[in-house]
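Chemist: Fold the following for me, if possible:
(one chain, ligands or ions: 1)
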Amino acid sequence: MSIEERLEYLGQLKARALLGGGAERIEAQHERGKLTARERLDALLDPGSFQEIDALAVDLNNGNEGERFYGDAVVTGWGKIDGRQVCAFSQDFTVYGGSLGEVMGAKIAKVMDLAVKVGVPVIGLNDSGGARIQEGVGSLAGYGEIFHRNVLASGVIPQISVIMGPCAGGAVYSPALTDFIFMVEGTSQMFLTGPDVIQSATGELTTMEELGGAHSHTSKSGVAHFSVKGERECLEEVRRLLSYIPLNNVDDPPWVDTGDPTDRSLDDILSIVPGEASLPYDVRDVIERMVDNGAFMEVHEFFAQNLVVGFARMDGHAVGVVANQPMYLGGVLDIDSARKAARFVRFCDSFNLPIITLVDVPGYLPGISQEYGGIIAHGAKLVYAYAAATVPKVTVILRKAFGGAYDAMGSKHLGADVNYAWAGAAIAVMAGSQAVNIISRREIQSASEPDAKRAQLISDYQERLEHPYIAAAKGYIDDVIDPRETRRKVAHALEVLRGKAETQPPRKHGNIPL
Ligand code: HXC
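Modeler: Numbers count the residues shown, from 1 in each chain. Take a look at the predicted model:
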């Protein structure tokens, strides 16, 4: 064969790889309102930056050459996002419904290995019917190899999953092992078993969307973190997330000149946050005033809304923010919010992102369902995550920090570096209105006017204990501040902490109460 003939042959193979499952299936993909695997990579990555590998990987056991799919059901390679290198794979639903067999499993494992070797994030665009049924154990092995790599890469490189079609079985377990899951509203679903299997197993009737759609997983199960309308918009959000996080665990998060002065006063904060501790407000109004230019990327926005987590910048440096949300359930800590915050704190700690904690919490939620659901163990996750985190930790108590929630929410005792309290803050075991019923019950019952006695005891308690000055006297709070100074105080604390180096006792790993 001449070189010209060889090049023509190569061109034919590449053209077959580009066509995936064929023109008809590509059209069907578009009719479903979905982009193809390659179109998605083009939308995700900087223009012209994608470098494909393994486009010629193929199942040689398929004896019929004409029926072989070059590249199999996934497109893999590397490219750039805002000029920074990433590795990516994009599953191709037009080839066997994006299902995973041996070739596809090996391709994904290979690009993950590359990402770990060079220390860059790996982004998986998922659109897959799960294990390729006709390949039997070969496809299960492929998944196992990917899961193993997901776990070994955890905390080494950021791993991001985007669900862009119906993902079943093994196709959802790998995303569940990654750091963040995005879902596209209306066209993506995640489930271990679909509606038909559920109906035959349990008799329950459901639909794909109700069972595993973006709404279900971002608000009910909490499995997914972001729900976005439209594939291109979703991929744009992935790019935005990347702008806050480093390439790997020994890299610094990217710095951006935001131009927002750190000494900016939060002039209207006193009218935003009511002085009366039981009145609600939206803590995002405080976060947005505190961080650079009000830019806050909320994570898990629709799940456990009594607590807010997300990314922002202070003085141009990326940070993670954790805040109680008095607008929902009074900002109480419960099972879901403890899990949500613990996981976020773990991510920040893995990837060198300082953590700012804004505390306004009445305590842990009492209740039988919470106790039976394991609030003790789930609440302990949050304590564990904060105590184990060695990144800079700055905590501000806005209005109240009661009970175990005071300890859990980034207290000095769990290793926070700088702790502030607003001048109106209350730090105590519980609010006076509850406390007097326990410590002064007999005194109230025997009083000639029990209601008046109770009111007076509450007032005494508030004066004696519901303020930040006992904590400040003991050094648990480093300073009591004017709320308007919050941005300046937090920014300066983060500045001094930039050189922080903390080590913990050597061990194989701790045993977080999973
Ligand atoms: C092989 C598959 C496939 C699979 C889909 N296809 N899933 N081929 N293995 N798992 C093929 C179909 O045969 C079809 O081929 C094409 O992909 C498109 O599928 P449709 O059913 O026409 O599409 P749609 O109606 O959109 O439904 C998509 C779907 C459904 C919801 C994903 O196909 C489905 O339920 N698939 C099976 C899901 C599943 O049970 N997977 C195994 C899970 S077990 P043609 O040639 O017609 O285009 C598992 C174990 C791993 O994953 C455990 C690891 C721990």
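
Chemist: Could you check how far stretch 337-345 is from the centre of its chain?
Modeler: 9 Å (C-alpha atoms, centre = their mean, to the nearest Å).

Chemist: The residue lying farthest from the centre of the chain: helix or strand, and which one exactly?
Modeler: Ranked by distance from the centre of the chain (C-alpha atoms, centre = their mean), the top residue is S448, with 55.5 Å. Here S448 sits in a region with no helix or strand, counting by DSSP states H and E.

Chemist: do E209 as well
Modeler: Per DSSP H and E: helix 208-212 holds E209.

Chemist: Check which helices and strands the helix or strand just after that helix is in contact with.
Modeler: Next helix or strand after helix 208-212 toward the C-terminus (DSSP H and E): helix 214-215. Contacts defined by 3 or more C-beta pairs under 8 Å, 6 or more residues apart in numbering; DSSP states H and E place helix 214-215 against strand 226-228. C-betas here are computed from N, CA, C, even on glycine.

Chemist: and the strand it packs on, how far from the chain's centre?
Modeler: In terms of C-alpha atoms, centre = their mean, the centre of strand 226-228 is set 12 Å apart from its chain centre.

Chemist: Over to stretch 180-197?
Modeler: On C-alpha atoms, centre = their mean, the centre of stretch 180-197 falls 18 Å from that of its chain.

Chemist: Flag every buried residue along it.
Modeler: 180-185, 187-191, 194-195 (16 or more other C-beta atoms under 10 Å).

Chemist: Next: stretch 432-444.
Modeler: Neighbour count says stretch 432-444 has G432, Q434, A435, V436, S440, I444 buried, by 16+ other C-beta under 10 Å.

Chemist: and the nearest residue to the first one once chain neighbours are set aside, which of the three is it?
Modeler: Using C-beta to C-beta, 6 or more residues apart in numbering and skipping residues adjacent in sequence, the residue nearest G432 is Y461, 3.6 Å away. Using DSSP: H, G, I helix; E, B strand; the rest coil as the criterion, the local structure at Y461 reads helix.

Chemist: Hmm, A435 and Y461 touching each other?
Modeler: Yes - Y461 lies in contact with A435 (C-beta atoms under 8 Å); the separation is 5.6 Å.

Chemist: mind checking how far the longest strand anywhere in the chain is from the chain centre?
Modeler: Longest strand in the chain, counting residues (DSSP state E): strand 393-402. How far strand 393-402 lies from its chain's middle: 22 Å, per C-alpha atoms, centre = their mean.

Chemist: and it, C-alpha only, in CSV?
Modeler: The C-alpha atoms that make up strand 393-402 are tabulated as CSV, following Å, rounded to 0.1, in the frame of the first residue of the first chain:
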residue,chain,number,x,y,z
LYS,A,393,-11.0,28.4,58.6
VAL,A,394,-12.7,31.7,59.4
THR,A,395,-16.0,31.7,61.3
VAL,A,396,-18.4,34.6,62.0
ILE,A,397,-21.3,34.2,64.4
LEU,A,398,-24.0,36.5,63.0
ARG,A,399,-26.9,36.3,65.5
LYS,A,400,-26.9,33.0,67.5
ALA,A,401,-25.0,29.9,68.0
PHE,A,402,-26.7,27.5,70.4
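
Chemist: Sitting in helices, which of the buried residues of stretch 432-444 do you find?
Modeler: G432, Q434, A435, V436, I444 (DSSP state H).

Chemist: Turn those into a markdown table, columns for pLDDT and distance to the ligand.
Modeler: Output for these, formatted as a markdown table (pLDDT from 0 to 100; distance: C-beta to the nearest ligand atom, whole Å):
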| residue | pLDDT | distance to the ligand |
| --- | --- | --- |
| G432 | 87 | 53 |
| Q434 | 87 | 47 |
| A435 | 89 | 51 |
| V436 | 90 | 55 |
| I444 | 89 | 59 |
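
Chemist: quick check, nearest of those residues to S216?
Modeler: Distance to S216 across these (C-beta to C-beta) is lowest for Q434, with 36.3 Å.

Chemist: Contact partners for that closest one?
Modeler: Residues near Q434 by C-beta atoms under 8 Å, 6 or more residues apart in numbering: none.

Chemist: what about it, distance to G363?
Modeler: 9 Å (C-beta to C-beta, to the nearest Å).

Chemist: Overlap of the contact sets of the two?
Modeler: Residues touching both Q434 and G363 (C-beta under 8 Å, 6+ apart): there are none.

Chemist: What pLDDT is listed against S174?
Modeler: On pLDDT, S174 comes in at 96.

Chemist: Wait, it touches G124, no?
Modeler: Yes - using C-beta under 8 Å, S174 is in contact with G124, at 7.0 Å.

Chemist: what's the overlap in contacts for the two?
Modeler: Common contact partners of S174 and G124 (C-beta under 8 Å, 6+ apart): S161.

Chemist: can you count the residues close to the residue in the stretch 151-300 of the chain positioned nearest to the ligand?
Modeler: The stretch 151-300 of the chain approaches the ligand most closely through G169 (2.2 Å), counting by C-beta to the nearest ligand atom. Number of residues near G169 (other C-beta atoms under 10 Å) recorded here: 20.

Chemist: again with the one 10 residues further on
Modeler: When neighbours are counted by other C-beta under 10 Å, D179 registers 23.

Chemist: What distance do you get for it to L242?
Modeler: For D179, the distance to L242 (C-beta to C-beta) stands at 11 Å.

Chemist: Pull up the overlap in contacts between the two.
Modeler: P158, I160.

Chemist: and the closest residue to V116 other than its chain neighbours, what is it in contact with?
Modeler: Nearest residue to V116, sequence neighbours excluded (C-beta to C-beta, 6+ apart): A153, at 5.2 Å. A153 makes contacts with M112, A115, V116, V122, Q159, as judged by C-beta under 8 Å, 6+ apart.

Chemist: Can you name the two of those residues that sit furthest apart?
Modeler: Spatial extent of the contacts of A153 (C-beta to C-beta) is set by the pair V116 and Q159 at 10.0 Å.

Chemist: what does the protein have sitting close to the ligand?
Modeler: By the rule C-beta under 6 Å from any ligand atom, the part of the chain lying against the ligand is 25, 96-97, 99, 129-133, 140, 143, 166, 168-170, 173, 194.

Chemist: mind redoing it with 8 Å?
Modeler: By the rule C-beta under 8 Å from any ligand atom, the part of the chain lying against the ligand is 21, 25, 32, 93-94, 96-100, 128-134, 139-140, 143-144, 147, 165-171, 173, 189, 192-194, 196-197, 208.
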